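In: next comes the sequence, and after it the predicted model I'd like to discuss.
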Amino acid sequence: MSSGELGVDTVDTVDTHTRSAVITARAAATFEPVGRSVATARSFVRDTLQGWGFTDIVDDAVVLTSELVTNAVVHAGTAADVLCLRSDDAVRIEVSDRYPEREIPLQQSSLNMGSPDREGGRGLQLCAALATRWGVDYTPTNKQVWFQLDLPHRPVGTRTAGPSLPAELLPIADGRVRVAVIQIDRVGAISAWNEDAEDLFGYAAEHVTGKPLNDLAAWPHTPGTSTGIAEALQLSRWEGSYGIRGAHGRVIPVYASHLRVRDTDGEPSTVCLLVRDDERAVLQTPLRGATPEQATLSEPNATDPFEVFIGSPAPDDLDGLLQRTVERARDMLDGDAAFLLLATDDETELEVRASTGLPSARQRFARVPVEAGPGRYGSARMPAVHEDLTVVPGAVPLLNGTGMRSVVTVPLKVEGRLTGSLGVAAEAPDRYSNEEALRLQFAADRIALAVESARLGELERLRRGSLSFLVEASDLLAGTLDRDQTLALMAQMTVPTLATWCAVYTIADQSAEPYLSYVLHEDEERIDGLKALLSKIPPPDPVPTPGARVWAAPSEAAHEAALRTSMRSLGLGESLTLGSGIGTTLSTASAVGGETVVLPLVARNRVIGMLTLGKPSDEHFRQEILELAEDLSRRAALALDNARLYSERTAISQSLQRSLLPPGLPQIPGVEVEVIYRAAGEGNEVGGDFYDLFPIRDGAYGFAIGDVCGTGPEAAAVTGLARHALRLLAREGFGGPAVLERLNAAILDEGSRSRFLTLLYGELWPQEDGSAVLKIVCAGHPLPLRLRQDGTVEPYAEPQPLLGVMDDLELYEQTMTLDPGDVLLCVTDGVTERREGTRMLGDDGLADVLTTCTGLTAGAVAARIMRAVERFASDAPSDDMAILAMRVPGLQKD
């Protein structure tokens, strides 16, 4: 309804009751003018009234609030302020908007609150029908519609009551009903666990205290959709069904009631009461409170539970809506179980989405065909009543082995299209007739559109969540070229978002067998057992066909191993064929006991592996999750193949590059030698800078340190030429200048592939007095530095032209002596040209560092120089660096 339709003078027609009662509590919230605010406002009012304990009036209050907030945020297009006021005997709710226009009624005109068939105009009509009092107040800036709901009067001490029932109509429970009381702290961890919880689930309190409840709860979750357990624990009240994984590994269906409380210090926590799902009557809140005087067995117009559900706003998430639907359907027909299935897009299969009173195997995403057999009762498109399933076994595959005898099923249809199926079953035969089928069909027709709307909303949220998931996955996979990290990312992205556990098989080449490369489970304690199990069974076949296929081997092997373990514990020996070395525990069997699917990893038209996803006992994958997993597997396969190619290329490159390095440094009598080499560029162990130290003849050693223009493979090629030419020419007896002149000619002969280079080449002769004689030629290279024992530093050669530029070079060598305790330091320009912004280390900076190295060994000198260079700038080095330090320690004194 529009704001103008609210604008009638209500003074003469509506009781404008003021706030005369004593207000004992209040809650307020403001909702933005967007469509989703209506659902948020409903949740706010529902949670507020349930928190106050006013469950009797929740449904009426939520219906009225929904209509009034819709008027404000949708029709009037303004924000809506909702104020809830509690008094001793009533609740008043005020909805204000910022659009205070109203009509001025003509004299003698009657009040028209709109037709009930119109989309708008129902707010005031509903207020008049449901509220005890209501009214409309205006100010210059706001319009406020308020309504008051009086609380039902009950005898003192009675909050809700039901009629007296014969014993045969009472709910069935065990001889001793166990109510588990679990308290959850602010962060979702278990802080209290009573004895009934130990009996129900098999865990001692000391084993679960401090662990997140989420580790034990089997809470249905889909990426980007529905409410998770973490959100449910934050609500003031919550009631519904889920599962708890027991110590035996199986999921135990429970019915739970959560209450959010706070202690005297204001610290919040959540108290959870849990019973077995088939004993839900112990905790389940009555749909409508009734006093003993009001409730009798013979009451002819008792409220239909499904009518109550239809009349109240549906939950915002599809899972909640479906679960409430099956619970109300079961209560409406007084059944023992109920189930709801949704049709796939092609209407060929139905997928179990909600159930109550059935084993966990039938609870989530099991699939059955729409056309199960010939005849009208073999199709889910028509209503069906089976008075006794033992007469027609297999008529309803979902109920096989559940003990249900009679069942009624009806289709959910929207515009003639099958969207689902709703069924109610009972353990006794002959419970249902065509009359119950008509009642259930009527309810299904009323809820079908809401279910389809919620399903489409969930599908849209799932698609958005899937797109976000795939974008994030692509970014993560593109961020690494490491094979092992890619495998880990593949598994971590699927667990627990898509599956409970994951295994990745890789195939090295076409002739190789699949190899189990990575295993991950959401419970880290089960990874070893799962890996042991998978390693003992044949891997799945590497079929390139796209899409997921079911793989039954893990589940069968786990159950065989678990059965053999149980038989052995009973002293019955081993009678099964499975190998005796698996050691699979019952928990491992439960972990892989559900559906397992295999998706091929195909890259560049070749199967390079398989991605295996699994669920725990009795759980199935939904189709949307499998489609998402297939998209992920394509991206992961390409990332894994890229990592493989990169690893192969890097291995080849490193192998070739290592061949350009000296095979080892010779031991020179009386001289300490240390070399540190750092190549720039990922995957390069050698680049433009190089070094060498080699024996020439008895008592003579050659050494060299050089820098080829550029870095990478091209520079490395010239490096190999220079290093091998130096060794060959020196051992042929040429002196330093002749060696470098011939090397210069060889570089120029390379033509366009040539690179100019700077080179420091020298020959060293250790002397008997502890000194060493050197002959050095410095061709365009940074000059070597000599560190004397007194701490002075000086250049130890003169600069000459570099190599690879001019044809005719005239070089000369310089002869000098290193005294005992002296150090000769040779570096490449990657050391002296280390930069941080506009600052550069330079020759002077290097000399200052070398001055601090007096008395150090050659290894310590090289290490200190490298550390100073690295710390000079925060960025990684952009140029190759080589450091050659030689020290003459002198003769050792006795």
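Out: Yes, it's here. Numbers count the residues shown, from 1 in each chain.

In: let me see the contact set for residue 28.
Out: Shown in contact with residue 28 (C-beta atoms under 8 Å, 6 or more residues apart in numbering): 81, 82, 83, 84. No exception for glycine: its C-beta is placed from N, CA and C like everyone else's.

In: what is the neighbour count of residue 39?
Out: Look at residue 39: counted by other C-beta atoms under 10 Å, it has 17 neighbours.

In: hang on, residue 666 is in a helix, isn't it?
Out: No: assessed with DSSP: H, G, I helix; E, B strand; the rest coil, residue 666 is coil; it does not lie in a helix.

In: which SSE is the residue nearest to it when sequence neighbours are not counted in?
Out: Spatial nearest neighbour of residue 666, excluding adjacent residues (C-beta to C-beta, 6 or more residues apart in numbering): residue 695 at 5.6 Å. Taking DSSP states H and E as the criterion, residue 695 maps to strand 689-697.

In: show residues contacting the next helix or strand after that strand.
Out: Sequence order places strand 700-708 as the next helix or strand after strand 689-697, per DSSP H and E. Residues from elsewhere that reach strand 700-708, judged by C-beta under 8 Å, 6+ apart: 666, 668, 688-696, 715, 718-719, 722-723, 726-727, 730, 755-765, 781, 826-830, 880, 882, 884, 886.

In: next one: stretch 795-810
Out: By C-beta under 8 Å, 6+ apart, the surrounding residues in contact with stretch 795-810 are 709, 737, 740-741, 743-745, 747-748, 754-760, 776-781, 783-786, 811-812, 814, 816, 824.

In: in the stretch 301-450 of the chain, which spans are strands?
Out: 337-343, 349-356, 367-369, 384-386, 406-414, 417-426 (DSSP state E, counting those that start in this stretch).

In: and for residue 552, nearest residue in space, chain neighbours not counted?
Out: residue 596 (7.1 Å).

In: do I have it right that residue 269 meets residue 188?
Out: No: applying C-beta atoms under 8 Å, one finds residue 269 not in contact with residue 188, separated by 10.2 Å.

In: low-scoring stretches of the stretch 751-894 of the chain, by residue?
Out: Within the stretch 751-894 of the chain, the ranges that satisfy pLDDT under 70 run 753, 890-894.

In: try 80
Out: 751-755, 878, 890-894 (pLDDT under 80).

In: which residues of it fall in strands?
Out: Along the stretch 751-894 of the chain, counting by DSSP E, counting those that start in this stretch, strands occupy 757-766, 772-779, 785-787, 793-795, 814-818, 823-827, 835-836, 839-840, 881-887.

In: residue 23: which of the ones you listed is closest?
Out: strand 835-836 (67.8 Å; C-beta to C-beta).

In: grab the CA positions of the strand ranked longest in the chain and hand them over as PDB.
Out: With DSSP state E setting the assignment, residue counts place strand 251-262 as the longest strand in the chain. Taking C-alpha atoms only, strand 251-262 is exported to PDB below (Å, rounded to 0.1, in the frame of the first residue of the first chain):
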ATOM      1  CA  VAL A 251      25.800 -38.500  12.600                       C
ATOM      2  CA  ILE A 252      23.100 -38.500  15.300                       C
ATOM      3  CA  PRO A 253      20.000 -36.400  14.300                       C
ATOM      4  CA  VAL A 254      19.000 -34.100  17.200                       C
ATOM      5  CA  TYR A 255      16.400 -31.500  17.900                       C
ATOM      6  CA  ALA A 256      17.900 -28.500  19.600                       C
ATOM      7  CA  SER A 257      16.700 -25.400  21.500                       C
ATOM      8  CA  HIS A 258      19.300 -22.600  21.900                       C
ATOM      9  CA  LEU A 259      19.000 -19.700  24.300                       C
ATOM     10  CA  ARG A 260      21.500 -16.800  24.300                       C
ATOM     11  CA  VAL A 261      22.300 -15.700  27.900                       C
ATOM     12  CA  ARG A 262      24.800 -13.500  29.800                       C
END
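
In: pLDDT of it, averaged?
Out: Taken as a whole, strand 251-262 has a mean pLDDT of 86.

In: quick one: contacts for residue 126?
Out: Contacts for residue 126 were tallied using C-beta under 8 Å, 6+ apart; they are 63, 64, 67.

In: let's see 10 Å
Out: By C-beta atoms under 10 Å, 6 or more residues apart in numbering, residue 126 lies in contact with 60, 63, 64, 66, 67, 68, 113, 116, 134, 147.

In: and for residue 200?
Out: Residues counted as contacts of residue 200 (C-beta under 10 Å, 6+ apart) are 178, 179, 180, 194, 244, 246, 252, 254, 274, 275, 276.

In: just send those back as CSV, with secondary structure too.
Out: As requested, the contacts of residue 200 are exported to CSV (three-state DSSP):
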residue, secondary structure
178, coil
179, coil
180, strand
194, coil
244, strand
246, coil
252, strand
254, strand
274, strand
275, strand
276, strand
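
In: now, of those, which are buried?
Out: Neighbour counting with 16 or more other C-beta atoms under 10 Å marks 178, 179, 180, 244, 252, 254, 274, 275, 276 as buried within those.

In: give me phi/psi at the closest residue to the first one other than its chain neighbours?
Out: In space, not counting the residues next to it along the chain, residue 178 is nearest to residue 196; the distance is 4.0 Å by C-beta to C-beta, 6+ apart. The phi and psi torsions at residue 196 (degrees, to the nearest 10) take the values phi -60, psi -30.

In: you'd agree residue 196 is up against residue 274?
Out: Yes: between residue 196 and residue 274 there is a contact under C-beta atoms under 10 Å: 8.7 Å.

In: anything in contact with each of the two?
Out: Common neighbours of residue 196 and residue 274 (criterion: C-beta under 10 Å, 6+ apart): 178, 179, 180, 181, 182.

In: show me the contacts for the third one.
Out: Contact partners of residue 180, counting by C-beta under 10 Å, 6+ apart, are 193-201, 244, 254, 256, 272-276.
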